[in-house]
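In: My questions concern the predicted model and sequence given below.
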Amino acid sequence: SGGEAALIATGGSIIGIGSDIGGSVRVPAAFCGVAGFKPTAGRIPSRGVASVVKGQTGVAGSIGIMAKEVSAIVTTMEAISALPTTVDPLYAPVPWDQFGDLSSTKKLRVGFYYADGFLPAIPANVRAVKEGCELLRSLGHEVVPFKPVDVISGIHLFLALLTADGASGTLAALQHETADASCKGFLDGVKLKNSAWASRSVPWKLRRKGMIRAAALFENHGITTVTNYWHMQGAKDEYRRRWCAAMDVAGIDVLLCPSHTMVAPAPEVVATSGLSLCYTQLFNLIDFPATTLPMGLATPEDEAKMEGWPMSVLREQFGSELDQLIQAGRVYGEQGDHLESVVKATCKGMAGLPLSVQVVGRPFKDEQVLRVARDLQGAAPPMTPPPVEASLGSMKMEGDDHVVVL
C-alpha cells in the first residue's frame, strides 16, 4: 500500500483499494500527502481478499480506499455501496448515506487531541491538528479538547489479540522468504517472546533501564490460551463501549487527532517501528471509521521543536495532571527506548515532507466522517507537492539489533 499511495500522489493512479488492520491504508496515504479511508468493518465487501491469518477477528480489518481527494473516496464508496449484499454474506446491508450525513449542514462538536498517552505526536503533527481545528472552527463547528480513553491499555490489547497465535501465521507466510533488515526486528521479537526464558528475563531487564513501555509491550504479546483469548475479546468490547461513552458524555460527534506519531520514516525501518502507528491501530481495535487527509508540509521550525519532544507535547496535552498520570501508569513519560529513537532520527531533515490529520467517528457513521474530512480538505490551502529530493531513505539507525516492540 506504500507503493500505491506514492503512485496516487504522483498522478499515476486515481483510486487505490486495500486492507487496513492497523493503518495500512491510512498511514501510507498520510506519508505521501493523499487521503486514506478505513470504513467500519463490513461497509466494503471483503470476499476474496487475501489475508496472512484467515479467521483472525480479534482486531477488525477493513477494506479501505486511497485517493488524492476525499471527494473521490466519497464517490467510490457510493459506487461500492450500490453492490447487492449477495456478493458477500459479511457485507453490511447499510444503505449509503441513509441519515443524510454527507449533505447535512448541521454544525458538529469536534473533539481533538494530539498526545494519546502511549506515544505523543511530534510537534509538526501537533501543528497540523491545531491548523485543522482552526479550519473546522472557520466552518462553524465547535471544537473542544478531548481526553483519549486509556490508550495504553488499548494498544496492549491490540497487540495481544493480533499475536495470540504466537504470530505463527505470519511466520508460516515468511518461511520460504528471505527476510530483509526491515523485518528482522519483528521476527526477533516474536521468537524471543516464544522463549520461556526470554519472556521472563527481557521485561525485567527493560524495566531496570526505565523502559516501561517496551517491557509492557513485550509482556502483552505472544501466544495465549483460548480462555484468555475470549477474555481479551470481552475486554475489547468493553473498551469500545468506554470510548463511545466518553464521546457521549462530552457530546462529541467526531474526533480530530494525528494520523501518526511522525512523518514518513526511511523504508528500512518501517517494520521496526510498528507501534508508532498507535493513532491508527486504536481505531481498528474499536472499529471506528477514520479518514486521514493531508495538512501541509513539515518545516525547519518543526524540526527545531523536536529538541523538547516528547515531554513538551505531553505537557501541552495533559498539563498539570501529567506527573500524576505518569505515576499511575496511564501515560508514558520519556522512555529513551527504540520507538523514541526512531521518531527522533526520522525527524532529522524532515522539512518538506507531508503532514496529515485524522478524522474519526462512531461505528457506522462513515458518511459523517467523510463529510467532515471532505469539508476540511476543501477549506485547507492547496498543498504544494514536496520536492522530489525530499529523502525518505536518509535516516540511519545505529546498530541492527533492534526488536520491534522496543
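Out: Okay, I see it. Residues are numbered from 1 along each chain as shown.

In: and the nearest residue to Ala351 once chain neighbours are set aside, what pLDDT?
Out: Take Ala351 and drop its neighbours on the chain: the residue closest to it by C-beta to C-beta, 6 or more residues apart in numbering is Pro300, 4.9 Å away. Every residue, glycine included, has its C-beta placed from N, CA and C. Confidence per residue is given as pLDDT, and for Pro300 that number is 97.

In: Buried residues in stretch 122-136, which are they?
Out: When burial is assessed from 16 or more other C-beta atoms under 10 Å, stretch 122-136 yields the following buried residues: 122-133, 135-136.

In: quick one on the thing from earlier: distance-wise, check the residue nearest to Ala351 relative to Ala30.
Out: In this structure, Pro300 and Ala30 are 21 Å apart, going by C-beta to C-beta, to the nearest Å.

In: With neighbour numbers in mind, choose between the two.
Out: Residue environment comparison for Pro300 versus Ala30 gives the larger neighbour count to Ala30, 31 against 10, counting by other C-beta atoms under 10 Å.

In: Identify the residues contacting that one.
Out: For Ala30, the set of contacting residues under the criterion of C-beta atoms under 8 Å, 6 or more residues apart in numbering consists of Gly36, Ser259, His260, Thr292, Pro294, Pro354, Ser356, Gln358.

In: Pick out whichever of these sits closest to Gln233.
Out: Distances from these to Gln233 were compared by C-beta to C-beta; the smallest belongs to Gln358, at 25.5 Å.

In: Nearest spatial neighbour of that closest one, chain-adjacent residues omitted?
Out: Among residues not flanking Gln358 along the chain, Ser259 sits closest, at 4.5 Å (C-beta to C-beta, 6+ apart).

In: hang on, isn't that neighbour packed against Val27?
Out: Yes - look at Ser259 against Val27 with C-beta atoms under 8 Å: they come within range, at 6.8 Å.

In: and for those two, which residues touch both?
Out: Shared between the contact lists of Ser259 and Val27 (criterion: C-beta under 8 Å, 6+ apart) are residues Thr280, Thr292.

In: Neighbour count for the two, which is higher?
Out: The residue with more neighbours, out of Ser259 and Val27, is Ser259; 30 against 27, by other C-beta under 10 Å.

In: Just the pLDDT for that one.
Out: Model confidence at Ser259 (pLDDT) stands at 97.

In: now do Met383
Out: Per-residue pLDDT puts Met383 at 74.

In: Now it. Nearest residue, chain neighbours left out?
Out: Once flanking residues are discounted, Met383 sits nearest to Pro294: 5.2 Å by C-beta to C-beta, 6+ apart.

In: returning to what we had before: distance check, the residue nearest to Gln358 against His141.
Out: Computed as C-beta to C-beta, the Ser259 to His141 distance reads 19 Å.

In: so where's the stretch 301-406 of the chain shaky on pLDDT?
Out: Residue ranges of the stretch 301-406 of the chain with pLDDT under 70: 384-406.

In: Would you map the strands across it?
Out: 354-360 (DSSP state E, counting those that start in this stretch).

In: can you map out the helices along it?
Out: The residue ranges that make up the helices of the stretch 301-406 of the chain, judged by DSSP state H, counting those that start in this stretch, are 311-318, 322-327, 338-346, 366-379.
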